[in-house]
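Undergrad: my questions concern the predicted model and sequence given below.
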Amino acid sequence: QVQLVESGGGRVQPGGSLRLSCAASGFTFSKYTMSWVRQAPGKGLEWVSDINSSGENTYYIDFVKGRFTISRDNAKNMLYLQMNSLKPEDTAVYHCARRWDSTLDPGRQLLGQGTQVTVSS
């Protein structure tokens, strides 16, 4: 079964940190670029970060640059997102995705069920 399962979300105060994890199964994880996307309350899905198949190249939306770090462990089929200096605007459901393409129908892409991140004092 092809699936992505996220974990690690929670409630944190502004300035705090969280580490999200995503367990991949059912496909050759090491061959794919992987992505994190998020959906804030009342908004659509927003791409956050990509990491290429080897983990050598990473990309971020400007708003999270310098605060978030994406990484992967191909031996364990795991994707991670280290989030530091969290802001209330980071509150969202975070999903991992296989090679997210914002031009394509989200329903036709492999996307996990998501993990809630709430940043609030």
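TA: Thanks, I have the structure now. Numbers count the residues shown, from 1 in each chain.
Undergrad: contacts, neighbours, all on C-alpha from now
TA: OK.
Undergrad: for the spatially most central residue of the chain, give the beta-bridge partners.
TA: Central residue of the chain (C-alpha atoms, centre = their mean): residue 36, 2.5 Å from the mean position. With DSSP bridges as the criterion, the beta-bridge partners of residue 36 are residue 49, residue 96.
Undergrad: tell me the contacts of it?
TA: 47-50, 81, 94-97, 100 (C-alpha atoms under 8 Å, 6 or more residues apart in numbering).
Undergrad: now the residues you listed in TSV, with pLDDT and distance to residue 73?
TA: Output for these, formatted as TSV (pLDDT from 0 to 100; distance: C-alpha to C-alpha, whole Å):
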residue	pLDDT	distance to residue 73
47	97	21
48	98	19
49	98	16
50	97	14
81	98	12
94	98	19
95	98	17
96	97	14
97	97	15
100	94	19
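Undergrad: could I get the residues you listed as TSV with distance to residue 6 and neighbour count?
TA: As requested, those are arranged in TSV below (distance: C-alpha to C-alpha, whole Å; neighbours: other C-alpha atoms under 10 Å):
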residue	distance to residue 6	neighbour count
47	16	20
48	15	24
49	15	23
50	16	25
81	10	22
94	8	28
95	7	27
96	7	32
97	10	27
100	15	21
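Undergrad: widest-spaced pair of the residues you listed?
TA: Spatial extent of the contacts of residue 36 (C-alpha to C-alpha) is set by the pair 81 and 100 at 15.2 Å.
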